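A.B. asks: Based on what follows, work out the 3D shape:
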Amino acid sequence: MERRLEELAAAPAWHGDLPVLLLERCWLRLSCLGVELLLERLPPDGSRDAPELRRWRELTADGFSAHAAQQQCWQEFGSEACQAALHRFWRVQERGDNGWTHDSYLRLMSEYRRRFELSGPRSLPLLVLARADDQHRHEPHRLHWLTATPGESEGPMRHTCA
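C.D. replies: Numbers count the residues shown, from 1 in each chain. Alright, predicted model coming up:
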């Protein structure tokens, strides 16, 4: 982890290889990947933002009945596309998305970049993944920001274990 903080501090500009730490609690496994690979490794749920469902919400907000909005969406997108979007949405509702949505991904990226551009020590994102079993399927992933403080590597354990 110390090495990753040093890499982050030494980076001259924002780039896709900046580190993101993932902690899989079930396996007590800490992994590191470049920020550009985060989408591939941990795809966010975008089922709620499907164009068919967004359009349906717009129409109902404009006063259409649920049935009339559905009929309009079927005309615009086709019934199969609308049914597939609903199926994906409900599948995610049943299995849970651990709060990892497209919006939460964008917030992480925006905050990472903001913190990167600040003067002073840079912060490294640590995403603690929720457990994958049925009991914890609605538990959210948790984001923490790690920042090295000056003299941190000179802690007391370093000298007693040397």
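A.B. asks: From here on, just use CA atoms for contacts and neighbour counts.
C.D. replies: Noted.
A.B. asks: Show me the contact partners of stretch 140-150.
C.D. replies: Applying Cα atoms under 8 Å, 6 or more residues apart in numbering, the external contacts of stretch 140-150 come out as 2, 5, 97-100, 121-130.
A.B. asks: Do a quick rundown of the strands in the chain.
C.D. replies: 19-24, 29-34, 123-129, 142-147 (DSSP state E).
A.B. asks: Mean neighbour count and mean pLDDT added to those strands, as TSV?
C.D. replies: Putting the strands of the chain into TSV (neighbours: other Cα atoms under 10 Å; pLDDT from 0 to 100) gives the following:
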stretch	mean neighbour count	mean pLDDT
strand 19-24	20	92
strand 29-34	13	92
strand 123-129	20	93
strand 142-147	14	92
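A.B. asks: Between those, which one is closest to residue 62.
C.D. replies: strand 142-147 (36.0 Å; Cα to Cα).
A.B. asks: what's the pLDDT at the nearest residue to residue 98 once chain neighbours are set aside?
C.D. replies: Using Cα to Cα, 6 or more residues apart in numbering and skipping residues adjacent in sequence, the residue nearest residue 98 is residue 140, 4.1 Å away. Looking at residue 140, its pLDDT stands at 83.
A.B. asks: Can you give me the neighbour number for residue 140?
C.D. replies: Counted with other Cα atoms under 10 Å, residues neighbouring residue 140 total 16.
A.B. asks: how much space between it and residue 52?
C.D. replies: Between residue 140 and residue 52 the computed distance is 26 Å (Cα to Cα, to the nearest Å).
A.B. asks: Walk me through the domains of the protein.
C.D. replies: Using automatic domain parsing, the domain ranges for the chain come out as 2-45+100-154, 47-95.
A.B. asks: looking at those domains, which has the lowest confidence?
C.D. replies: domain 2-45+100-154 (a mean of 85).
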